[in-house]
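Enquirer: Pasting a predicted model and its sequence here:
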Amino acid sequence: MVSSIFPPERYAVPAGIGCAGIALAWAVKDASGLLVAVAAICTYGGRRISQLSTAAFAIAAAALPVLLGWTGLLEPAVNLRLATFLAVGAGISAVILLHQGGPLSGHEKPEPRWLALQESEQQLRVLVDTIPALVWCTTPEGKPSYINKRLTDYVGVTLQELIAPDGSRSLADVHSEDRASVEKALAHSIQTGAPFRMKYRQRRSDGTLHWTEGRAEPLRNSDGTIVQWYGVCLDIEDLVVAQEALHDRERELSLLVDMVPSHVWRLTSEGEPTFFNKRMVDFLGLNVDDTDKPGISRLTAMISAALHPDDATAFRDALTRCLSTGRVFAMRYRLRRVDGTYRWMSGRAEPMRDHAGRILHWYGLCHDIDDQVHAEEELRNSERRYRDLFHYMPIGLAQIDAQKIIPLFKELRAQGVTELKDHIDEHPEFLLRAVEALEVEEVNQHIIEMFGAKNAAEMHGPITRYWLPSMETIRRSIEARYRGEEVFREECKVARVDGSVIDVLFTTARPGAVSNKSLVGFIDITERKKAEDVLRQREHQLQVLVDAIPAFIWCLTPEGTPSYFNKRVTDQIGLTISDLTAPDGSLRLESVHPEDRPTVQRALIHSLATGEPFALKYRQRRGYAHYRWTEGRAEALRDESGQIVQWYGVYLDIDDEVVAQQVLRERERELSQLVDMVPSLLWRLNPDGEPIFFNKRMIDFLGMDVTDTDTADSGRLAAVIQAVIHPDDVPSVAAALNRSIGTGEPFAMTYRVRRADGVYRWMSGRAEPMRDEQGRIAQWYGLSHDIDDQVRAEEELRASKRQLEQMIDAVPINILSFAPSGRLIYASKRYMDTVGSPPSHIEDFDALARDIAHPEDFPAMFRNASTGFATGQPFVNRFRRREKNGAYRWIEARAHPLRDASGTIVQWYIASIDIEDEMRAQEALRERERTLRQLVETLPAMIDCAAPNGEPIYRSRQLREFLGYEFEALDSEGKSRLQGTLEASVHPDDLAGVRENYARSLSTGEPYARRHRLRRCDGEYRWVETRAAPMRGSENAIVQWNVICLDIDGEVRAQIELRSAQEKMARASQAASLAELSASIAHEVNQPLAAIVATSYACRRWLSADPPNLERAGITLDRIIRDANSASDVVSRIRALFSQSGKSRTQVDMAEMIREVCLILADDLAAKNTQVETVFSPILPRPLVDRVQMQQVLVNLIRNAIDSMEGIVDRPRLIRIRAFPDGTESVRFELQDHGCGIIEHERVFDPFFTTKQNGMGMGLAICRSIIESHNGRLWIPSSGQEGTTLAFTLPTETRASA
Amino acid sequence: MNPDKFIVFVVDDDARMREALTELFESIGWRAAAFGSAIEYLSFPRPPLPACLILDVELPDINGLEFQKQISHGDHPPIVFLTGHGDIPSSVRAIKHGAVDFLTKPVTEQSLLAAIQSAVERDRIAREERSELETLQRRFDSLTPREREVLPLVVSGLLNKQAAAELGISDVTLQIHRSKIMQKMEAASLADLVRFAEKLQIPITHSRRTGNS
């Protein structure tokens, strides 16, 4: 192959030259040689001649510069080379041109026959160029020798281009795919000479490929050798394309026919199958040909082969009919598939008629409707299932016909209503129309039950019946539908047929494409609602529980974000969840005490991280108040996989406990302190007696602790005792302790204990066991008390006591000491010497006193002593004591009790000194005094000696007798004796004056002289003249007042009586006018008389009655007598007023009389609400009195007293009557009222003086006259605002009438 | 006289006197009550009978004459004074002030009883008159105001028509009123009515002659 395209001789020359050029260049070491080579190579493709000439020129051109260079004429510069190269190139090109067209090309000059030939060639050429065919010629070898113009234009190649280097036709213009076959064919043709005919694609000048048919036939010459091949190319593109299109269409059609998912078959007009499409073939498993069976028609064969036996007959009949009638055939039947299954088919055949209407063929189509049929069945089944579902679904389903509502909607949409809600608000009637437009078409069983209908029919119709309870819901559903929403769901209430209302979940859906129906579902949610309610209630209860339980509950998410606090927490802390959640979701610890926050934080984080339960005590704030100790605990709740779902925590207020604990600790500390601070040594032993505790003081005191004495050999107790107790006391202490420990008895002892500094101090130690409930000893508690000072003090005391004793013995006084009981404790030495030691039987004071005291003096001194001992008061006794020698000597014994700090008497000390001499002296003095006194006493005068201040010192016997009392009687009244005397004895009226005078005399020293009344011991006041003169001592100072009283009573009284008699006479001479006197008499008399008269009348009447009422008459007569007597009494009294006769006087018990009179006047007293109080001396002498007169007097006086208190309201109306002996010779009566008093004491006794409006003024005068006639006296001792006291005296029998 | 039909009161401070008088009255068969003072007497609930008061002048709480003056207003029984010492001025005063008698003690039965009877009789009459007046007053009170207006006109002697004209009412109406009045006042005739009116002290305000007051 290569050699045909690259024939060697063509390249031999250029190659050779090229090599020569290279060798030259190498030899001369100049690139010019290369130029030669280049030039040589450029000659490739040219003819030999041209090649040779080219070579020559090239060599020359190359050698020239070299030579020139050798010679040195020109430098072989580059420009020169370039110039040379260009020159050579030009030359070569010229040569080539010449060669080609010029005479050097080797062409010969043309001849005239040649010209005519040339012309005919030209014409031929034109012809050839013009004919619409592409003509080409090749040499017998196959080298293209000519192509016509058309070809050139068509293909766009030149002849030269068509020539391949090896001389054959280049197939560059042929489609690469066809090249091989073309070449092969070409080659074959060239070789064999067979005509060449081929179709191939050829590139046109415009680049497109067109199908071409190339034909070539050889031109043979006479001998049959091929001279030229002549070829033609025809553009068969269109043809090919058309053919291809046709092919394609045919293929398509065929494909279509085969691919159509139907069986296509063709029958002849007689009905014989002539074509089955592929599908049919595949399906049936037989082709048309297979139906060729001997003896039967194809059709029959097919039918029997393919058709279901049940359908065969029908098919045949139908087809036959159609075939005969020419009507279209359509049927369903089952066909047998290749796998033996029958499938339903729908077959249809139509006749194809020619233009004359004659049936040419029957074209049939049957497609598999098996799926469809099955599908239909399925659908029917599913419909049935659906229907069942619909009916027996456990929810209520209803189909609503919304047909009527669609136009309504359309209307609205046409009106431009977008939001149905607003429209309904404005047109409420629309809702009603809409609702009425909705009709229930179909309901399932459940709905019937749910609504309590009897049957489905009852439910059909408009829905208004059911939905009245929830029109809002239905409205909303309609609105939703209007909006085009497919699904609507809401809880609402519906009315059952019986009217009851139930809760339902109402859902509606618009089933897809079916717009005029709605499927409505009801789910009875009554139960659910109930359950919800119950749940809600339970939830609520739970909430309440959680909030009510007294615990604080909190929840955190696994990350630590607070998720829940129960109500208590919120109330208590005062913060809500949001408050307690930090922005990062963690728990805010604001309510925790700042000091505890870090710990809490750490613990929380740890728990959250590890899942360990959280338990911590910390302080938490309540609201805004103080912090309280709280214990917080939290545990994690995990799910099945172990993941933490939630942290649940509580916290409890443990503040109280913590505080209590703290308090307890405090108290413990206090107690401990106490134990240590108690100023005693406290120690404790265990039941066996081993010391187990020393308090701090003990430790400090001893300088050691319990354990310090522990040695291996002895018990601790023994060791301690040994170490601390004084050696002398050790045995006893040990013994006692051990005994106590053994017996359980308390231990008490004093002993010496060695202090840390080595000093022994006395201690009082006590120990007692503490028993448990069973009575066993649990501990021994011991106390040691430092009594060292005490002990030492006692010793000192004892020492001093001894000293004292010695001192006592030295002193010249006898000393005895007795115990408080009287027991003799001590007698001083001197005593012993003087008196002699008491006999052994004498142990106490009593016995001693009895023994040694003079019998005469014993009673007094003993009494005094006893009193003293009893009262604890120091006492002094003076008595004669028997001395050792038997003689009695006067001693003064002074007893003094010794008291201790609390005041109790510890001892009695009696010291006695000899006073014999003094006593004697005193006696002598007393003797002298007595003498003097007697002197004074015997003087027939009342003498008084007073101290300079007036206090009576001495009164003579006469005075004493006169006064009737001693000094001492006045002593206790708390005033001076003088005052007492004066008050007691001086007449009240004279008292003031006497005092004044006396006082003046006492102060000035002037002699005192005064007359006054002095009360005698018998109560009588007697006039005395008292004279007092001062006695002066040295320096002229008054040492004593000497007073003398002379009884001048007789004279004075005589004087007074004289005066009074004079006055009386004078008064008596003032005789009242007879008329008035008589008037009073008359009145006094008239009263009873009038009564008598009236009573007499009554009596007479009684007697004249029918029958005579003697009883009443008798009563009246008694009254008459009584009144008459009383009248006569009055007369007597009047008479008595002017007479002084003393007859008819008797000794009368005045007290009795007074009482009588009070009784008589009882009514009056009661009427005037007046009380009488009587105070009678127990021994009252009976005076000699005229009973009647005296009665009169008493009545008068009492009446006066009553009257005087008439208007008194501010104090009780009380009359106090006293009667007592006045002296020895008279009885005194006092009548005290509480009226307003009388101012003129004496005037009241005047006969005509009265303070009463209607009084006659006779009463008191008469009284006085009566009294005086009895030798008594009637006067008014006192009268004031508080009342009046009237007094009278009556002489007793000793002083008879004068 | 019927003993139950009157009562005698005795007021005297002297118990003897009281006793005696009471005895006397009892012996007669009269009902008596005795008091020691005026206050006691006043506080005693007085029975609705004719009575007589025997009054002493010298009483503890008040002078008898004074007392007489005090009780003269009112329906107190006629007083018979009985005194121990009577003087002319006192007696004159007593009688002038309406006492039935002024007696001095001792009193004769005759004079005392006579005085008492007289007093009781006086009291009875007075009581009767009072009672009558009360009845009339009651009847008068039962008249309507209108009738009370008509009455004076009628008893003044006006003719019906004059009276009607006076009141400005019709004749007939007046006649109706008149007949009503007669009925209520229980007057048998006009003369009765006039007497009643007089007793009631209804003023004659009009005269027939002039027809006006």
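Expert: Yep, that arrived. What you see is a predicted model, and the numbers here were worked out from it, not measured in a lab.

Enquirer: switch to C-alpha atoms for all contacts and neighbour counts from now on
Expert: Will do.

Enquirer: Next one: the closest residue in space to A:R321 that isn't next to it in sequence relative to chain B, how far apart?
Expert: With Cα to Cα, 6 or more residues apart in numbering or on different chains as the criterion, A:R321 has its nearest non-adjacent residue at 8.0 Å, and that residue is A:R327. According to Cα to the nearest Cα, to the nearest Å, A:R327 stands 132 Å off from chain B.

Enquirer: So what's the gap between the one helix or strand A:E378 maps to and the chain middle?
Expert: For A:E378, the host element (DSSP states H and E) is helix A:370-392. Distance of helix A:370-392 from its chain centroid, counting by Cα atoms, centre = their mean, to the nearest Å, is 69 Å.

Enquirer: lowest confidence element among the helices and strands of chain A?
Expert: Evaluated with mean pLDDT, DSSP states H and E, the helix-and-strand set of chain A has its lowest mean pLDDT in helix A:2-5, which scores a mean of 47.

Enquirer: The residue of chain B most remote from its centre - nearest residue in space that isn't next to it in sequence?
Expert: For chain B, the residue at maximal distance from the C-alpha centroid (Cα atoms, centre = their mean) is B:S170, at 41.0 Å. Once flanking residues are discounted, B:S170 sits nearest to B:A164: 5.7 Å by Cα to Cα, 6+ apart.

Enquirer: residues from chain B in reach of chain A?
Expert: By Cα under 8 Å from any Cα of the partner chain, the residues of chain B that approach chain A are B:14, B:16-21, B:23-28, B:84-85, B:105-109.

Enquirer: From these, which land in strands?
Expert: Using DSSP state E, no member of those sits in strands.

Enquirer: Give me the secondary structure label for A:V126.
Expert: What DSSP: H, G, I helix; E, B strand; the rest coil gives for A:V126 is helix.

Enquirer: now the strands for chain B?
Expert: Remark: strands assigned in chain B by DSSP E are B:7-11, B:31-35, B:51-56, B:79-83, B:101-104.

Enquirer: can you put those strands in JSON lines and add mean neighbour count and distance to A:D700?
Expert: Formatted as JSON lines, the strands of chain B follow (neighbours: other Cα atoms under 10 Å in any protein chain shown; distance: least, Cα to Cα, whole Å):
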{"stretch": "strand B:7-11", "mean neighbour count": "24", "distance to A:D700": "111"}
{"stretch": "strand B:31-35", "mean neighbour count": "19", "distance to A:D700": "107"}
{"stretch": "strand B:51-56", "mean neighbour count": "28", "distance to A:D700": "114"}
{"stretch": "strand B:79-83", "mean neighbour count": "27", "distance to A:D700": "118"}
{"stretch": "strand B:101-104", "mean neighbour count": "22", "distance to A:D700": "123"}
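
Enquirer: so what secondary structure elements neighbour the helix ranked longest in chain B?
Expert: In chain B, with assignment by DSSP state H, the single longest helix is helix B:109-141. Other elements packing on helix B:109-141 under the criterion 3 or more Cα pairs under 8 Å, 6 or more residues apart in numbering or on different chains; DSSP states H and E are strand B:51-56, strand B:79-83, helix B:171-185.

Enquirer: Dead centre of chain B: give me the residue that sits there.
Expert: B:A126 (3.5 Å).

Enquirer: For that one, report the pLDDT, please.
Expert: Per-residue confidence (pLDDT) for B:A126: 89.

Enquirer: Look up how far chain A lies from it.
Expert: 29 Å.

Enquirer: Where do the helices of the stretch 1151-1298 of chain A begin and end?
Expert: A:1162-1167, A:1187-1204, A:1259-1269 (DSSP state H, counting those that start in this stretch).

Enquirer: what about those, which gets the closest to A:D844?
Expert: helix A:1187-1204 (69.6 Å; Cα to Cα).
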